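Student: After the sequence you'll find the predicted model.
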There are 2 protein chains.
Amino acid sequence: MLSLKQLHYLVVLAQTQHFGRAAELCYVSQPTLSGQIKKLEQQLGARLLESSKPKLLLTPLGHQVVQRAQALITQVRDIELLAGQSIDPLQGKLRLAIIPSLAAYILPVISQVVVQQLPALQVELVELQTHQLIAQLQTGLIDGGLLALPKDTPGLRSVELWVEHFVLAVPATHEWAQRTRIASQDIHDQNLLLLEDGHCLAEQSRRLCGLSDTYNAFKGTSLETLRHMVRMGYGVTLVPQLTQQLWQQQGEQGIKFLSITDPTPGRQLGFLGRQGSAIWPLIKRLNDIAQSVLPYQQQGANVIAFD
Amino acid sequence: MLSLKQLHYLVVLAQTQHFGRAAELCYVSQPTLSGQIKKLEQQLGARLLESSKPKLLLTPLGHQVVQRAQALITQVRDIELLAGQSIDPLQGKLRLAIIPSLAAYILPVISQVVVQQLPALQVELVELQTHQLIAQLQTGLIDGGLLALPKDTPGLRSVELWVEHFVLAVPATHEWAQRTRIASQDIHDQNLLLLEDGHCLAEQSRRLCGLSDTYNAFKGTSLETLRHMVRMGYGVTLVPQLTQQLWQQQGEQGIKFLSITDPTPGRQLGFLGRQGSAIWPLIKRLNDIAQSVLPYQQQGANVIAFD
DNA sequence: TAAGCATTATTGATAAAACCTATTATAAAT
DNA sequence: ATTTATAATAGGTTTTATCAATAATGCTTA
């Protein structure tokens, strides 16, 4: 009988495309993983890896098996969660991911209250970009995500947290520094600083300003980097309103913020979990707690949908 | 990490409600199974079996885990099938079930051709009643079924084989023995012999003749038993047309057959397989072969739907 | 073409685990 | 109270996953 371990090894191997790294991720030695993969092939009576070895390649069957094995692994994880939840729905380990453009400013706001209201819950936090987050959620590597809700998420379910507005951050030396608002269509012809590709905030900013995917400006690795760039006068950028609040609390003087009108852009934040996962009630609970602590329910924003 | 073996043990234990019998079905000793179940509970950190032991009972969590574990086992079986099919789509082991009221006369017709056309296929045959068949298909104990298609089969998919007509079997001494046809509404007031409860043919006969579930006549364990009863003049019964053909080939003299009209009753036969199972093409192939060998495509029958 | 580097396969020893037989404990049935 | 059925425990055996060390392979570079 084939074992879950073998299938897990196979899945990780397919992800890493590398025996050594896969073994490391599985906390076993490379020969162990090699051996088990070989044994799996024997038990199935068919090859999963391509014999020719310019690179590690899966056979067509291999791809299918990996896909099904992934589903299996997540279902096992869900059984474990189910058991954990059965003891006390508000207890246990929860592996939660947050997108980087959200983590920096939303965690200070909600983490305290979560610890306060769910003391028995151990939250394991990771920062992941949207596509990684969804992939890891589907493969069971994480159990929930907090992000700007994408459109289609097969096998997953979401709950809406709130709609966050974007504001325009400009240097204190900027010609608009004394304004308090600006119409969204007037933001053209500015040197718009973006996060690196892959960050959904960058994607959202591009959409808002009608820029192409190839728009080639400075790309910061984090919001903090952008903050410095803006302060030094290299350009302007879009930031979530809570980021403005955080920066101003920290005494930021070099940056002025303009609210955006006609329409006000924003994105729908929410939690994501697996369909059929036992911790869904817990995720909804987290959503309730987070909602109760956010300053006020934003409304009327022009929500930017993206995938 | 919990293992598939443990989950398998749990599923079988839940089915048998008995440690010893479960162990037997899993080809291990009773202490082994006991130990693994206990270990499973430890790993999940929760009880699966009720502590009070008048009878073996599952906790609410236990039921949920069993359900999910069953799904897991089935999916593992499907991976194995997938691998088997990848070598040669027409090769490998196929565990096929047929309902009793069909097996006796359809196997002589199709078995030869199947062996002829799919020599590399090892078919493992079982006779199961409809509800058992569906349950075992869903739990992965069998891979396909040939039966009178029921309405709803969540997680399963079907392909239509043909519509078989029912004919009325009466003793040669019966007042209708010289007739060749009879209207269905005239079958009232006859001593209608049925198969035991659970057989779908019995259910179908009851529906056709408007009998209640509590209709209490002689109940035969097989069609052969009914055959003797009819020949001896104890009553009449409904049989599939292919059964008539088989019995007449065997030189049956004591029974006469009347075709039924207004309307002609029948049932939709077909194959059933799991959604997402890799052997579905093979099942369709079996269906094609069976269809090619059946005498002619029946039409215009009043198909009796049942669940 | 050979040396060097990265990657995977092989080997032999070790430790964990799953397993079995035999036995004991616990309920239920007579 | 005795018997039967059932599950848990104990101790020893076998299997097997595992590791460290090493060899083979393939690709890159000199």
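Tutor: Perfect, I can see it now. Please read all numbers here as calculations on a predicted model, not as lab measurements. Numbers count the residues shown, from 1 in each chain, chains lettered A, B, ... in the order given.
Student: and A:L258, what is it in contact with?
Tutor: With contact taken as CB atoms under 8 Å, 6 or more residues apart in numbering or on different chains, A:L258 is in contact with A:167-168, A:170, A:176, A:179-182. Yep, even glycine has a C-beta here, placed from its N, CA and C like the rest.
Student: Give me the buried entries from the residues you listed.
Tutor: Buried by 16 or more other CB atoms under 10 Å in any protein chain shown: A:167-168, A:170, A:176, A:182, out of the contacts of A:L258.
Student: Parallel or antiparallel, which strands does the strand ranked longest in chain A pair with?
Tutor: Scanning chain A for the strand with the most residues, using DSSP state E, yields strand A:156-171. Sheet pairing here is set by DSSP bridges, and for strand A:156-171 it gives strand A:237-240 (antiparallel), strand A:255-261 (antiparallel), strand A:265-274 (antiparallel).
Student: tell me which of the contacts of A:L258 is nearest to A:I79?
Tutor: A:V167 (44.5 Å; CB to CB).
Student: ok, the residue nearest to the closest one when sequence neighbours are not counted - contacts?
Tutor: By the measure of CB to CB, 6 or more residues apart in numbering or on different chains, the closest residue to A:V167 outside its immediate chain neighbours is A:F257, 4.8 Å from it. Going by CB under 8 Å, 6+ apart, A:F257 touches A:167-170, A:239, A:244, A:248.
Student: go with 7 Å
Tutor: A:167-169, A:244 (CB atoms under 7 Å, 6 or more residues apart in numbering or on different chains).
Student: A strand includes A:I142, no?
Tutor: No - counting by DSSP: H, G, I helix; E, B strand; the rest coil, A:I142 is located in no strand; its state is coil.
Student: of the buried ones among the contacts of A:L258, closest to chain B?
Tutor: Taking CB to the nearest CB as the measure, chain B sits nearest to A:V167 out of these, at 46.0 Å.
Student: circling back to that earlier point, now the contacts of A:F257 as TSV including distance to DNA strand C?
Tutor: Shown next, in TSV, are the contacts of A:F257 (distance: CB to the nearest atom of the strand, whole Å):
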residue	distance to DNA strand C
A:V167	45
A:L168	45
A:A169	42
A:Q244	44
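Student: Just flag the most distant two among these.
Tutor: A:L168 and A:Q244 (9.7 Å).
Student: what about chain A, any weak spots by pLDDT?
Tutor: In the predicted model, chain A carries pLDDT under 70 at residues A:52-54, A:213-214, A:216, A:296-307.
Student: Around A:K284, how many other residues sit close by?
Tutor: As a burial measure, A:K284 scores 13 neighbours (other CB atoms under 10 Å in any protein chain shown).
Student: Excluding chain neighbours, give the residue nearest to it in space.
Tutor: Here the residue nearest A:K284, using CB to CB, 6+ apart, is A:V159, at 5.6 Å.
Student: what's across from the one you found in the sheet?
Tutor: A:V159 forms beta bridges with A:F271, as assigned by DSSP bridges.
Student: Do I have it right that it meets A:F271?
Tutor: Yes - taking CB atoms under 7 Å as the definition, A:V159 is a contact partner of A:F271 at 5.2 Å.
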